[in-house]
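In: What follows is a predicted protein model with its sequence.
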Amino acid sequence: MDVSSTQVNMILHDRVGVSSNRKSLNGFRAFCTSEDLSTKKCVPCNSNDIRPMTEQAANELIPKVPGWNLVNEADILKLNRSLKVKSFTKGLELFQAVADVAEAEGHHPDLHLVGWNNVKIEIWTHAVGFNRQWPIKHSHGFHECLGPIIPSEYGMVGGLTENDFILAAKINALDLQHLLRRKAAAAAT
């Protein structure tokens, strides 16, 4: 079956709701919606060619994931979100709900329970831009000869990819209201 690009564009527009005139910004669709992100699937970051997105590209996508903040820690862009839960055990339930989504996507956030009811979620791609020539056992922390390892010294950059925004959108789609404090639940909607 020979399908022309015009036919593909018609199918995308009519059946999927994708406009054929969408522009790309640094390799990412600039006009995607949060629904677009939540229907996508995270892809493995097993290529040396994958690079962290620019801050400009991240700023274009951040409005698509309400409630998330774009942070820059030591020149590594990350998404983070803080939530107040009703109790310590509700925090653990929230962790499990996020873990289920993360496991299904094969993309895992950093989860922190601070105090008894403050949950912090950080999402960033640890492997993006990773120099695979550097031995994995020396990929972080302290090396006995070199001392503290600074990630960017050995190409272990890390940063944001579209996967991070996909995961944030899927976390946003979770029904977490029963776990959150009333004020926090109202702010999260």
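Out: All right, it came through fine. Residues are numbered from 1 along each chain as shown.

In: In contact with K41: list those residues for me.
Out: 105, 166 (C-beta atoms under 8 Å, 6 or more residues apart in numbering). Using the backbone N, CA and C atoms, a C-beta is placed for each residue, glycine as well.

In: how about it, secondary structure?
Out: Put simply, K41 is coil when judged by DSSP: H, G, I helix; E, B strand; the rest coil.

In: State the distance from it to L92.
Out: In this view, K41 and L92 are 27 Å apart by C-beta to C-beta, to the nearest Å.

In: Leaving out the residues flanking it, which one is nearest to K183?
Out: Take K183 and drop its neighbours on the chain: the residue closest to it by C-beta to C-beta, 6 or more residues apart in numbering is K84, 7.4 Å away.

In: now do L83
Out: Excluding the flanking residues, the one nearest L83 by C-beta to C-beta, 6+ apart is V119, at 4.6 Å.

In: Hmm, D110 and that neighbour touching each other?
Out: No: judged on C-beta atoms under 8 Å, V119 makes no contact with D110 at a distance of 11.4 Å.

In: Name the SS class of the residue nearest to K183, please.
Out: Under three-state DSSP, K84 comes out as strand.

In: and it, what is it in contact with?
Out: 117-119, 180-181, 183-184.

In: Recalculate using a threshold of 7 Å.
Out: 117-118, 180-181, 184 (C-beta atoms under 7 Å, 6 or more residues apart in numbering).

In: Same question for L160.
Out: The contact partners of L160, by C-beta under 7 Å, 6+ apart, come to 52-53, 58, 77-79, 124-125.

In: where do the helices sit along this structure?
Out: 5-11, 34-39, 55-61, 88-105, 162-172, 182-188 (DSSP state H).

In: so where is this protein shaky, pLDDT-wise?
Out: 1-35, 45-50, 129-157, 184-189 (pLDDT under 70).

In: at 50 instead, please
Out: Along the chain, segments meeting pLDDT under 50 span 1, 3-5, 8-31, 131-154.
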